[in-house]
Structures are given as structure tokens and as C-alpha cells.
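Novice: Fold the stuff below for me.
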Amino acid sequence: MVTLPQRLFAESFGTFWLVFGGCGSAVLAASFPDVGIGLLGVSLAFGLTLLTMAYSIGHISGCHLNPAVTVGLWAGGRFPGRDIAPYAAAQVAGAVLASLVLLVVAGGSPDFVLGVNGLAANGYGNLSPGRYDVMACMIVEIVLTFGFLMVILGATDTRSPSGFAPLAIGMALTLIHLISIPITNTSVNPARSTGPALIVGGFALQQLWLFWLAPIAGALAAGVGYRMLAGQPPAPPVVGEAI
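Specialist: A predicted model of the protein is given here:
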């Protein structure tokens, strides 16, 4: 029997891996001279971090790595409400630790400037890579988180082919980044947004509200929507079923 502390450690470590791998690719490798990985590389990095953790810790904690995923699974009848706050706290802790480690590593280069590079922080308006306004950023984060949770809930449905959920979910996160890096630098994950924002501070921290509100709204809508779409009664909460 996996205990709650074990599950929380898995969530914290998994979120660390997601943020360090995903944001690290954006900060350290995206624009590296001659061999920069660019938009496609960063998108793949986020998808691969999730995919690798899904196979590694999915059987322990469900591999949510994202407060919006946890809330969406609760809304979909897959997760107990009493564990939402501990999971979210563990996820945020992992994201903050990853951001701190990334800051130390990036700071080893004389070309790194925190205020300019920003640890891949999310934002709208002047903080949006494409200068998209708050409404556009709100809409894309809600829509993409909704789609992400629909993939998660569908891929982990007992009627879906077993063993392939991590592939579908990792590819979905890659697609999400391909669409929205130019818009918000891609969140769909409040923990991923919180880590860099707490380190960068300033406007990144002031705009953090959107990257909690929009993903959670999209996740709640997906949780309810999938239960209606699937045409089945609410399932009992199942820990470790997310991926």
C-alpha cells in the first residue's frame, strides 16, 4: 500500500523533473548558438519529461505534477478531494526547488540575466512572447487545459487500450506547447508557473493569478464534461489512476 507521504514525494520529484527539464530546455538550450533547440525542442522537452515520469511514478502517485490535473481528476470522479491540497503543495514545492536549481545553473553563464531570461516565466501583455493581451492568454490557457484533461481522462479510462496513456498524454503536452509558447510561454500548470514567478518576482508574480485561474477553470470544465461524455456514473476515487 502506497502511503500519502510516498505519493507526495513522488509528486514533488516528478514536478521538479517537469520544471527543470522543460523550463531548463527553454533557458539553457533554446537559443544556444548554432545548436539551439528552438520552439520544437522546448515543446518536446516538456512532453518527454511528463512521459518519462508517467512511466516512472504513475503507479505511485498518478503522476499529476500539476494542481489543475489534480483538480480535474477530482471533478471527473477519479481523485479524493481531501488530497487536493497536499498534492498541490507538493507540486508547487517541486516546481520552486527546480526553479532555484535552474537559477544556480543558469547563473554559471556570464550571459545570463534573470530579468531578461526570466527562467521561462509565463505572462501576458509585455510578458507574453508575442505580446498577446490578457483575454487571448486567458482563453488559450482555459482551452488547452480543457483539452489536456480530456486527453488524460480519456487515455486513462478503463475502456481505453492499456499501457499507452503516457504516450498520449506526453504528446498532448508537446502539442500544447507548440501552440501556446508564443502566447503565454505555456502554463496549463499552476505549479510550473509558480516556481519561476516566485524567483523572478515583479510582473511575473503579479500576473501569476491568471495561470492559476485559467488552468483550474479549464480542468474543472473537462472533469465535468468528460463524465457527461463518457456516459457512465461517477467512478469511486482511485489514487494512482491519472496516468
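
Novice: which one in the chain is furthest away from the centre?
Specialist: Going by C-alpha atoms, centre = their mean, the residue of the chain most distant from its centre is P110, 29.6 Å out.

Novice: mind checking how far the most centrally placed residue in the chain is from V71?
Specialist: The residue lying closest to the centre of the chain (C-alpha atoms, centre = their mean) is N189, at 3.6 Å. Going from N189 to V71 by C-beta to C-beta, to the nearest Å gives 11 Å. For glycine as for every other residue, the C-beta is placed from the backbone atoms N, C-alpha and C.

Novice: Repeat that for T174.
Specialist: From T174 across to V71, the span is 22 Å (C-beta to C-beta).

Novice: got it, and H64?
Specialist: The gap separating H64 from V71 is 9 Å, by C-beta to C-beta.

Novice: which of these two has more neighbours?
Specialist: Under the criterion of other C-beta atoms under 10 Å, the comparison of H64 against V71 puts H64 first, with 30 against 26.

Novice: Could you look up the SS state of the closest residue in space to that one that isn't next to it in sequence?
Specialist: Leaving out its chain neighbours, the residue that sits closest to H64 by C-beta to C-beta, 6 or more residues apart in numbering is T70, at 4.7 Å. Put simply, T70 is helix when judged by DSSP: H, G, I helix; E, B strand; the rest coil.

Novice: what's the burial count for T70?
Specialist: 30.

Novice: what does stretch 180-188 rub up against?
Specialist: 26, 39, 42-43, 46, 66, 68, 120-124, 128-130, 132, 136-137, 140-141, 144-145, 148, 173, 176-177, 193, 211, 214-215, 218 (C-beta atoms under 8 Å, 6 or more residues apart in numbering).

Novice: Let's verify the residue farthest from the centre of the chain: helix, strand, or coil?
Specialist: Here P110 takes the coil state, with states given by three-state DSSP.

Novice: Got phi/psi on it?
Specialist: When quoted as degrees, to the nearest 10, the phi and psi of P110 stand at phi -70, psi -10.

Novice: what do you get for S31?
Specialist: Dihedral angles (degrees, to the nearest 10) for S31: phi -120, psi 20.

Novice: what's the answer for P196, then?
Specialist: In terms of degrees, to the nearest 10, the main-chain angles of P196 are phi -60, psi -40.
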